[in-house]
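[1] would you be able to build a 3D model of this:
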Amino acid sequence: MADQLSAQDWIDLGLKTLAKGGFTALKAEPLAKAMGVSRGSFYWHFADIGAFHAAILARWREVATEQIIAAVEATKDTNEGADPLAILLKLTFGSKLVLEKAVRSWAANDARARAAVVAVDRRRLDYIESLLKQAGLADDIARARAQILFWAFFGFALSDQTLPAEKQQAALDELLRMVVA
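    Predicted coordinates for the structure are as follows:
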């Protein structure tokens, strides 16, 4: 079965494991056992655990940032008049953020994960700032408000409190109104 597994299979399991069990669960032996294969399959695809961790962090960036940005851009292109900031808020605040919490916990304990989080945060802030500039805000105001939006998201991501859908939407509408006013 090992020859049927791909590096992506391992990365997918790694993301699920990270979300459920945290970064300390990202070890070759238990992952191989969960897949029903030997550790040799793991090392066929990854030189070492560090390479595996790097691949997981790269995939997290793709899923948690680049795919969301692509979705906002696609909606902008196909739905004229759609507010890209509203779309971004709906996509980010409407998603399950267990993986976000897990990666940030990992980053508190590991320099490589911390560097990945810093890079992702910079990418996110730059993108939000660009949307605010497109909405007509001056550079310095767009930068400050992008930071405020990011802090709001970060607080939401780390919070265990949920809101009913209608209350969450009302809060997002108000947040959007405050940021673009």
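[2] go ahead and confirm residue 107 touches residue 116.
    Yes - in this structure residue 107 lies within contact range of residue 116 using CB atoms under 8 Å: 7.2 Å. Heads up, the C-betas are built off the backbone N, CA and C, glycines and all.
[3] and the lengthiest helix in the chain, average pLDDT?
    Looking across the chain with DSSP state H, the single longest helix is helix 111-134. Here helix 111-134 scores 97 as its mean pLDDT.
[4] and if you look at stretch 142-159?
    The model assigns stretch 142-159 a mean pLDDT of 93.
[5] report the buried residues of that stretch.
    142, 143, 145, 146, 149, 150, 152, 153, 156, 157 (16 or more other CB atoms under 10 Å).
[6] next one: phi and psi at residue 83?
    phi -90, psi 110 (degrees, to the nearest 10).
[7] name the helix or strand for the closest residue in space to it that isn't next to it in sequence, please.
    Once flanking residues are discounted, residue 83 sits nearest to residue 176: 7.6 Å by CB to CB, 6 or more residues apart in numbering. For residue 176, the host element (DSSP states H and E) is helix 165-180.
[8] return the set of buried residues in that helix.
    So for helix 165-180, counting by 16+ other CB under 10 Å, buried means 172, 175, 176, 179, 180.
[9] I figured the last one hits residue 131, correct?
    No - with contacts counted by CB under 8 Å, residue 180 stays clear of residue 131, the gap being 9.5 Å.
[10] overlap in contacts of these two?
    residue 85 (CB atoms under 8 Å, 6 or more residues apart in numbering).
[11] give the full set of residues in contact with the residue nearest to the spatial centre of the chain.
    For the chain, the residue nearest the mean C-alpha position is residue 64 (2.5 Å; CA atoms, centre = their mean). With CB under 8 Å, 6+ apart as the criterion, the residues that contact residue 64 are 99, 100, 103, 120.
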